[in-house]
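In: Using only what follows, build the 3D model:
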Amino acid sequence: MSAPHAALAASPWVLRWSALLAPAARVLDVACGSGRHVRYLALLGHRVTAVDRDALALDPLRSLADVVVADLEAGTWPFASQRFDAVVVTNYLWRPLLARLVESVAPGGLLVYETFALGHQSVGKPSNPDFLLRPGELLDAVRGELRVLGYEDGFVDTPARFVQRIAAVREAPGVATAPTPPPRYPL
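Out: Purely as a prediction, here's the structure:
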């Protein structure tokens with residue numbers, strides 16, 4: 001990864017929704033690259049697992065996170081039986097992995113996902129439709145599994161890009177039927 005990527009600020013979408021995490025939450029950052037979200041989440045005191053296929057990009061993160069070098073598109077899912085308090089994915093799409101990502105969210109846990117959407121090919125890369133979300137695709141990925149807290153699908157001006165993003169929670173068992181007030185997820 002180049003130095004400019006390492007210096008990128010955390011995504012405003014991740015900043016917004018990470019406020020819902022309990023202290024010392026167990027977080028998986030998928031295809032984390034140079035680790036802008038790993039750094040941010042570790043600074044908040046969360047226990048972060050960083051996964052990417054680029055071992056060189058992961059090396060500087062070893063003091064901040066559990067690092068897993070894995071090619072998520074060619075190999076097996078390295079977290080088969082693990083569940084996380086949060087799964088964070090930005091600027092990455094591998095459709096065969098979507099169901100695994102949703103399954104990896106623990107009860108009470110959060111999925112925060114943001115990546116490029118159709119239309120982005122008109123402003124930059126990626127331009128291959130295989131790497132651009134179709135309208136409503138993230139909603140479809142979580143339907144019946146997670147409760148959607150926030151969803152956006154549209155154009156962002158600076159920098160110019162078409163994105164789709166979702167924040168969704170796997171409600172803990174019994175939440176819907178509990179006699180106590182339901183959990184509050186501040187917007």
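In: Worst mean pLDDT across the helices and strands of this structure, which element?
Out: For the chain, counting by mean pLDDT, DSSP states H and E, helix 3-6 ranks last in confidence among helices and strands (a mean of 50).
In: Now the element after the longest strand that the chain contains, going C-ward?
Out: Assignment by DSSP state E gives strand 105-116 as the longest strand of the chain. Counting by DSSP states H and E, the next helix or strand C-terminal to strand 105-116 is helix 137-142.
In: Could I get the CA-only coordinates of the helix or strand just after that following helix as PDB?
Out: Beyond helix 137-142 in the direction of the C-terminus, DSSP H and E gives the next helix or strand as strand 147-156. C-alpha atoms of strand 147-156 as PDB (Å, rounded to 0.1, in the frame of the first residue of the first chain):
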ATOM      1  CA  ARG A 147     -32.000  -5.300  11.400                       C
ATOM      2  CA  VAL A 148     -31.100  -2.400   9.200                       C
ATOM      3  CA  LEU A 149     -30.200   0.800  11.200                       C
ATOM      4  CA  GLY A 150     -29.000   2.900   8.300                       C
ATOM      5  CA  TYR A 151     -28.800   2.500   4.500                       C
ATOM      6  CA  GLU A 152     -27.700   4.800   1.700                       C
ATOM      7  CA  ASP A 153     -27.300   4.300  -2.000                       C
ATOM      8  CA  GLY A 154     -26.300   7.200  -4.100                       C
ATOM      9  CA  PHE A 155     -23.600   9.700  -5.200                       C
ATOM     10  CA  VAL A 156     -21.100  11.400  -2.900                       C
END
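In: who's in contact with strand 147-156?
Out: For strand 147-156, the external contacting residues (CB atoms under 8 Å, 6 or more residues apart in numbering) are 13, 16-17, 20, 117, 119, 133, 135-136, 138-139, 142, 161-171, 185, 187. (Glycine included, C-beta is placed from N, CA and C.)
In: Pass me the low-pLDDT residue ranges in the protein, would you?
Out: Residue ranges of the chain with pLDDT under 70: 1-7, 174-180.
In: Provide the count of other residues in contact range of the spatially closest residue to Leu64 that is not a sequence neighbour.
Out: In this structure, Leu64 finds its nearest non-sequential neighbour in Ala42, 4.1 Å apart by CB to CB, 6 or more residues apart in numbering. By other CB atoms under 10 Å, 19 other residues sit near Ala42.
In: so what's Ala42 up against?
Out: Shown in contact with Ala42 (CB under 8 Å, 6+ apart): Val48, Leu64, Ala65.
In: With Gly109 as the reference, measure out to the second one.
Out: Plainly put, Leu64 is 21 Å away from Gly109 if you go by CB to CB, to the nearest Å.
In: more crowded one of these two?
Out: Neighbour count, other CB under 10 Å: between Leu64 and Gly109, Gly109 has more, with 25 against 15.
In: My guess is the more buried one contacts Gln82. True?
Out: No - with contact defined as CB atoms under 8 Å, Gly109 does not reach Gln82; the gap is 11.3 Å.
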